[in-house]
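Novice: Predicted model follows, preceded by the sequence.
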Amino acid sequence: MGKYKKYKNRIEMFLSSDMGKRLLNFCYSWGASIVVLGALFKLLHLPFGNEMLFVGMMTEFFVFFISGFEHPGKDYHWEEVFPVLKSKNPMDRPEFANQKVSGIMHSAANEEDDSNANMLISPMAVKQSAGLSGALDLSEEDTRNLSDSIKKLSGAAEQISKMAELTDATQQYLDQLAGMADQMKRFSQTTNSLTEVSDTLLSSYKSITDHSDGINQNSRGYVHQMEALNRNISGLNTIYEIQLKSISSQIDTIERINGGLSRIKDLYEGSVVDSSVFRAENERMAQQLAQLNTVYSRLLQAMTVNMPGAGMFQSQPQGGQGYNPPSASTYQPQGAASYGSNPGQPGR
């Protein structure tokens with residue numbers, strides 16, 4: 001394995017670029033919003049809550065995994081350039097607004113110009129000091145110290161001259177700090193929302209866990225009640241089938257009775273005509289029998305008168321009385337029972 005070289009990794013180079021930072025910021029924001037929305041859908045039991053929560057969590061996992069390749073930013077020791085930042089009291093630090101920073105940069109540029117002017121004069125002063133060294137009887141050590149001080153002063157002048165170059169970089173850095181502050185604020189709000197959603201989820205899960213025993217008991221009771229209801233329904237179905245069979249048999253019986261009654265009605269309606277004819281024939285036969293009795297009575301009368309022993313029969317008593325020939329009034333029609341089965345025979 002070769003030695004790791006800075007900014008040679010493509011992922012780090014991409015994440016260090018402006019596009020990579022913007023893409024990572026989008027992934028952070030959109031992933032967190034999907035997580036919050038999925039948690040909201042989950043709490044409200046809306047459809048696709050699990051899918052949205054899964055997508056958001058996977059997005060956050062991908063972002064956190066990729067952010068591990070992000071190169072850490074440099075820490076600039078600004079207190080070396082701005083000594084006012086060395087104070088730990090935040091009230092002593094100036095407010096770096098755009099206008100104030102630009103004013104500071106302009107003042108630094110003016111100081112740089114002054115220092116450059118002083119540096120232009122300083123070589124003449126060095127020459128004069130070199131010319132006066134013999135008059136002042138300066139030692140070599142003093143001369144060396146003086147030359148070192150002049151070199152340090154020239155180095156400080158060069159550093160001050162570089163302040164103009166740092167002005168634009170400082171402005172960009174401050175803008176980035178402001179953007180990062182806004183992003184951190186949004187991230188803090190998102191984190192707070194996630195914390196509230198997590199607390200709500202935990203309380204919901206806890207309440208569900210606490211009431212799980214009661215839910216199980218209610219479920220068992222519900223199952224028992226449903227089983228009893230099924231048994232009752234099956235019994236009712238059996239009774240209903242029996243009643244249907246009995247009702248169907250009763251309907252058949254009623255239909256047969258109605259058929260018999262209709263036949264009886266037809267017979268009765270037909271017998272009405274026959275009975276009227278039978279009555280008329282009976283009346284006619286009674287008249288004929290009355291006439292026949294009249295004829296027989298006359299015949300018997302004639303036979304008794306014309307017989308030679310008629311006087312003897314009249315003189316002999318029968319049962320203590322004389323024989324009286326039947327008169328026509330004796331033979332009155334008394335129905336078919338008074339005569340024989342043959343209508344031509346007289347009654348006895």
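Specialist: Sure, I can see it.

Novice: residues near residue 174, how many?
Specialist: Neighbours of residue 174 under the rule other C-beta atoms under 10 Å: 14. C-beta here means a position set from N, CA and C on the backbone, and glycine is covered the same way.

Novice: Where does the prediction get shaky in the stretch 51-200 of the chain?
Specialist: Across the stretch 51-200 of the chain, residues meeting the criterion (pLDDT under 70) sit at 71-73, 76, 81-139, 142, 157, 159-170, 173.

Novice: what ranges do the helices span in the stretch 101-250 of the chain?
Specialist: Using DSSP state H, counting those that start in this stretch, the helices found in the stretch 101-250 of the chain span residues 133-136, 140-161, 163-210, 212-306.

Novice: So for residue 46, which of those helices sits nearest?
Specialist: When the helices of the stretch 101-250 of the chain are compared by C-beta to C-beta, helix 163-210 sits nearest residue 46, at 14.1 Å.

Novice: sorry, back to before: put together CSV for the helices of the stretch 101-250 of the chain, with distance to residue 11 on each row.
Specialist: Below are the helices of the stretch 101-250 of the chain laid out as CSV (distance: least, C-beta to C-beta, whole Å):
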stretch, distance to residue 11
helix 133-136, 62
helix 140-161, 36
helix 163-210, 21
helix 212-306, 47
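
Novice: for the ones you listed, which one sits closest to residue 47?
Specialist: Closest of those to residue 47 is helix 163-210, at 18.1 Å (criterion: C-beta to C-beta).

Novice: Run the angle between the closest one and helix 140-161 for me.
Specialist: Between helix 163-210 and helix 140-161, the angle comes out at 60 degrees (axes from the mean of the first three to the mean of the last three C-alpha atoms, to 10 degrees).

Novice: if we can go back for a sec, out of the helices of the stretch 101-250 of the chain, which comes closest to residue 64?
Specialist: Smallest distance to residue 64 across these (C-beta to C-beta): 12.7 Å, for helix 163-210.

Novice: what angle sits between that closest one and helix 212-306?
Specialist: Between the axes of helix 163-210 and helix 212-306, defined by the same axes, to 10 degrees, the angle is 40 degrees.

Novice: Following the chain onward from the helix or strand encompassing residue 40, which element is next?
Specialist: Using DSSP states H and E, residue 40 sits in helix 18-43. Once helix 18-43 ends, the next helix or strand along the chain (criterion: DSSP H and E) is helix 49-67.

Novice: ok, and for that next one, which residues are buried?
Specialist: Neighbour-count burial for helix 49-67 flags 49, 52, 53, 55, 56, 59, 60, 63, 66 (criterion: 16 or more other C-beta atoms under 10 Å).

Novice: Would you mind measuring from the fifth one to residue 204?
Specialist: Remark: distance between residue 56 and residue 204 (C-beta to C-beta, to the nearest Å) = 18 Å.

Novice: picking that back up, so for residue 29, which of the helices of the stretch 101-250 of the chain sits nearest?
Specialist: The closest of the helices of the stretch 101-250 of the chain to residue 29 is helix 163-210. By C-beta to C-beta, the value is 7.0 Å.

Novice: Who are the packing partners of the closest one?
Specialist: Packing contacts for helix 163-210, counted by 3 or more C-beta pairs under 8 Å, 6 or more residues apart in numbering; DSSP states H and E, involve helix 18-43, helix 98-131.

Novice: okay, the angle between that helix and helix 18-43?
Specialist: Helix 163-210 and helix 18-43 are oriented at 20 degrees to each other (the same axes, to 10 degrees).

Novice: Now do the domain split for this protein, please.
Specialist: As assigned by automatic domain parsing, the chain contains the domains 7-71+170-205, 100-161.
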